[in-house]
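K.L.:
Predicted model follows, preceded by the sequence.
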Amino acid sequence: MSGRLLWSGSLCCLHARAVAETAVDADPYFATTLARGLAVMRAFTPAEESLSNRELAERTGLARPTVSRLARTLVQLGYLRQALTRDRYSLGPAVLELAHPFLANLAVRRIARPLMQRLADAAKGAVSLGMRHGIDLVLVESCQNAQAITARPDVGAVRPMEATAMGYASLAAMAPPERTAVLERCRAAARYDWRTVRARVDAELARFRAHGYCVSRGDQRQGMFAVGVPLGGPTGEPMALNCVVAAYQLKDGELEADLAPRLLALARQVEAALGH
């Protein structure tokens, strides 16, 4: 069960296409144009500074004239920026303005942050808090020890549900019918080799039932070990915590014997402070 899972698709492209192709028949109030505009913004990834009109059309599944109209509107509103000399776009500062009220009003971040930093320093790694969105977890807070070799995950970074300790823990906390539905969506997304994914998920669900936490040993990033636990959010939102450490820094059994109990205690402290 060691080694990385095999990537077999573009995470962001799947997100954008899912929005762009959402069926509206079941909801007469669904605003298709709004959904398509959001799909254009979601087509961008941290690995690329800008995207062309053609690339946006490919990633969203929308016609190029439609993308052009949407992009022009988003540029005028500040959500996209357009290069002066070529037909390329990048995200604009209004995206951050949109996200700030959500983050500022998320009390769990203020409560968890000092406890997360304390654990990150003790583990010489990184501790992150994620909130479920579809078949992923979006990081809403992250703390890192100054000596850690791990790159600090940015707020807003996405972690796949089916390939991370944080994701396994989130799956473990779900009711069986919901978990089955989410795993089916993960299988359909085909982001990883499914037989490997399913075996690993089942093993971590069993670990959670026995011990209350899940682990990852290089499943998504080689050489990085992690432990994950679920966390009850302030209004019932599904959330999860992880602690990520370079494998060479850990002694045999330390992930389970030391870091897992520390992360579990952190989660209980946060839940108690939130009144759970």
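P.N.:
That came through fine. Numbering: from 1, shown residues only.
K.L.:
burial measure for the closest residue to Leu74 other than its chain neighbours, as a count.
P.N.:
Spatial nearest neighbour of Leu74, chain neighbours left out: Leu80 (4.1 Å); criterion: Cβ to Cβ, 6 or more residues apart in numbering. To be clear about C-beta, it is placed using only N, CA and C from the backbone, and glycine gets the same treatment. Using other Cβ atoms under 10 Å, Leu80 has 25 other residues around it.
K.L.:
how about the residue lying closest to Ala173 once chain neighbours are set aside, phi and psi?
P.N.:
For Ala173, ignoring the flanking residues on the chain, the nearest one in space by Cβ to Cβ, 6+ apart is Pro230 at 3.6 Å. Backbone torsions for Pro230, taken as degrees, to the nearest 10, come to phi -80, psi 160.
K.L.:
Use 36 as the first number for this chain going forward.
P.N.:
Got it, first residue is 36 now, which makes that one Pro265.
K.L.:
can you list the domains in the protein?
P.N.:
Listed by automatic domain parsing, the domain ranges of the chain are 46-128, 141-308.
K.L.:
which intervals of the stretch 186-311 of the chain have sub-threshold pLDDT?
P.N.:
Across the stretch 186-311 of the chain, the ranges flagged by pLDDT under 70 are 186-187, 268-271.
K.L.:
Show me where it has its strands.
P.N.:
Here the stretch 186-311 of the chain has its strands, by DSSP state E, counting those that start in this stretch, at 193-195, 249-252, 259-267, 273-281.
K.L.:
now the ones you listed as JSON lines including mean neighbour count?
P.N.:
As requested, those are exported to JSON lines (neighbours: other Cβ atoms under 10 Å):
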{"stretch": "strand 193-195", "mean neighbour count": "21"}
{"stretch": "strand 249-252", "mean neighbour count": "24"}
{"stretch": "strand 259-267", "mean neighbour count": "25"}
{"stretch": "strand 273-281", "mean neighbour count": "25"}
